[in-house]
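**Q** model the structure of this input:
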Amino acid sequence: MKPEVRSAPIGIFDSGVGGLSVLNEVRRLLPEEALLYVADQAHLPYGSLSLRQIRAFAAGIARYLLEQGAKMIVVACNTASAAGLQHLRRLWPEVPFVGMEPAVKPAAEQTRTGVVGILATPATFQGPLFASVVERFAGGAGLLKATCPGLVSQIEKGELETEATRSILEKALRPMLAKGMDCLVLGCTHYPFVLPLIRRIVGDAVKVIDPSPAVARQVARLLDAGGLRRVTGPEGEVRLCSTGSPLQLGLLAKKLSGQSWPVSLLRWAESDGALRPG
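**A** Just a heads-up that it's a prediction; the model follows:
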């Protein structure tokens, strides 16, 4: 493998800041890797869009990342993974893609009561990926689903500890607790940013599963398998892009990741659905 390929960036994208929860874990595990992150804030939230729309946006972002030389693409969005991951792999079979899969398997293995809660968007629950995961891994576990309307918007505003945010979570989690839930799956990459609040609501007896560390480990495995890993050199560069407000993304990234990274503007071209520098 040529050195310039190993030094190429890993592309990561989400509808907003949620994928930063994955970026943070990739950064922690693979600090030498360069990362290029796209937040499609112009179309936020993906959870309310049709599967066809989400696939089109995901393909446009993936094309942009590949044009920038990305050696791998992480679909750091459960909704985009559910709607478009298989589509992306068909379009670019030579590119390693890593997607988000609801962590039903570890939850089903760890539950003692047989009751597992899942927080995700409507599009995630409707996608074929979720149905496949449930069929393969749920076993005899009873699955309780909640979509938490408004929670993504609260996180996008940086309101992680407000009463409004707590109210959304209480409405989703209290009925699950009443039915005996002892494992909770975070099925949206935004949700780890309110994990402290979730844990205060559900208590220590409930195991909360954040898939982001497992996704970072899968990124490392695929890099190694393809000879793509950058194993030497200084800490990799991190660049962020937004199709909405670069200023907002930069401020939220500082709050959610503790780092100040350069942010640039991208715009969607109506003519061909391509992303271009703003």
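**Q** hey, what's Val75 bridged with?
**A** Phe13 (DSSP bridges).
**Q** who are the neighbours in contact with it?
**A** 13, 58, 81, 84-85, 88, 97-100 (Cβ atoms under 8 Å, 6 or more residues apart in numbering). The C-beta positions use only the backbone N, C-alpha and C, and glycine is treated the same way.
**Q** now do 10 Å
**A** Neighbour list for Val75: 11-14, 19, 22, 58, 61-62, 81-85, 88, 97-100, 189, 215 [criterion: Cβ atoms under 10 Å, 6 or more residues apart in numbering].
**Q** now do Ser48
**A** 79, 121-123, 149, 152.
**Q** can you name the two of those that sit furthest apart?
**A** Thr79 and Pro149 (13.9 Å; Cβ to Cβ).
**Q** and for the two, which residues touch both?
**A** 45, 47-48, 121-122.
**Q** of those residues, which belong to helices?
**A** Using DSSP state H, the subset of the shared contacts of Thr79 and Pro149 located in helices is Pro122.
**Q** just the shared contacts of Thr79 and Pro149 now: which is nearest Tyr37?
**A** Pro45 (17.2 Å).
**Q** work out for me the element the residue lying closest to the closest one once chain neighbours are set aside sits within.
**A** Among residues not flanking Pro45 along the chain, Val152 sits closest, at 4.6 Å (Cβ to Cβ, 6 or more residues apart in numbering). Using DSSP states H and E, the element containing Val152 is helix 151-156.
**Q** I'd like to know which elements that helix is packed against.
**A** Where contact means 3 or more Cβ pairs under 10 Å, 6 or more residues apart in numbering; DSSP states H and E, helix 151-156 is packed against helix 163-178, helix 246-257.
**Q** for the shared contacts of Thr79 and Pro149, give me TSV that also has pLDDT and distance to Arg267.
**A** Formatted as TSV, the shared contacts of Thr79 and Pro149 follow (pLDDT from 0 to 100; distance: Cβ to Cβ, whole Å):
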residue	pLDDT	distance to Arg267
Pro45	89	19
Gly47	81	23
Ser48	80	22
Thr121	86	25
Pro122	86	28
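**Q** which of the shared contacts of Thr79 and Pro149 are buried, as a ChimeraX select command?
**A** Here is the ChimeraX command that selects the buried residues among the shared contacts of Thr79 and Pro149 (16 or more other Cβ atoms under 10 Å):
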select :45,47,121
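**Q** for Val133, state which of the shared contacts of Thr79 and Pro149 is nearest.
**A** Nearest to Val133 among the shared contacts of Thr79 and Pro149, with distances taken as Cβ to Cβ, is Thr121, at 14.9 Å.
**Q** the helices and strands packed on helix 151-156: which one's closest to Ala70?
**A** helix 246-257 (18.7 Å).
**Q** specify the local secondary structure of Leu184.
**A** strand (DSSP: H, G, I helix; E, B strand; the rest coil).
**Q** neighbours around it, how many?
**A** Residues within reach of Leu184, counting by other Cβ atoms under 10 Å, total 28.
**Q** tell me how far it lies from Lys145.
**A** 11 Å (Cβ to Cβ, to the nearest Å).
**Q** compare neighbour counts for Thr79 and Pro149 and give me the winner.
**A** Remark: of Thr79 and Pro149, Thr79 carries more neighbours, 32 against 15, as counted by other Cβ under 10 Å.
**Q** what sits against the more buried one?
**A** Contacts of Thr79 by Cβ under 10 Å, 6+ apart are 14-15, 18, 45-49, 51, 54, 58, 100, 120-127, 152, 187-189.
**Q** let's go with 8 Å and repeat that
**A** Thr79 neighbours (Cβ under 8 Å, 6+ apart): 15, 45-47, 54, 120-121, 123-124, 127, 188.
**Q** restrict the one helix or strand it maps to to CA atoms and write it as PDB.
**A** Thr79 is located in helix 78-91, with elements delineated by DSSP H and E. Taking C-alpha atoms only, helix 78-91 is exported to PDB below (Å, rounded to 0.1, in the frame of the first residue of the first chain):
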ATOM      1  CA  ASN A  78     -28.100   5.300  12.400                       C
ATOM      2  CA  THR A  79     -30.800   6.800  10.100                       C
ATOM      3  CA  ALA A  80     -28.500   7.100   7.100                       C
ATOM      4  CA  SER A  81     -27.100   3.600   7.800                       C
ATOM      5  CA  ALA A  82     -30.500   2.100   7.900                       C
ATOM      6  CA  ALA A  83     -31.700   3.800   4.800                       C
ATOM      7  CA  GLY A  84     -28.600   3.900   2.600                       C
ATOM      8  CA  LEU A  85     -25.600   1.800   3.700                       C
ATOM      9  CA  GLN A  86     -26.400  -1.100   1.400                       C
ATOM     10  CA  HIS A  87     -27.000   1.400  -1.400                       C
ATOM     11  CA  LEU A  88     -23.600   3.000  -0.800                       C
ATOM     12  CA  ARG A  89     -21.800  -0.300  -0.900                       C
ATOM     13  CA  ARG A  90     -23.500  -1.200  -4.200                       C
ATOM     14  CA  LEU A  91     -22.400   2.200  -5.700                       C
END
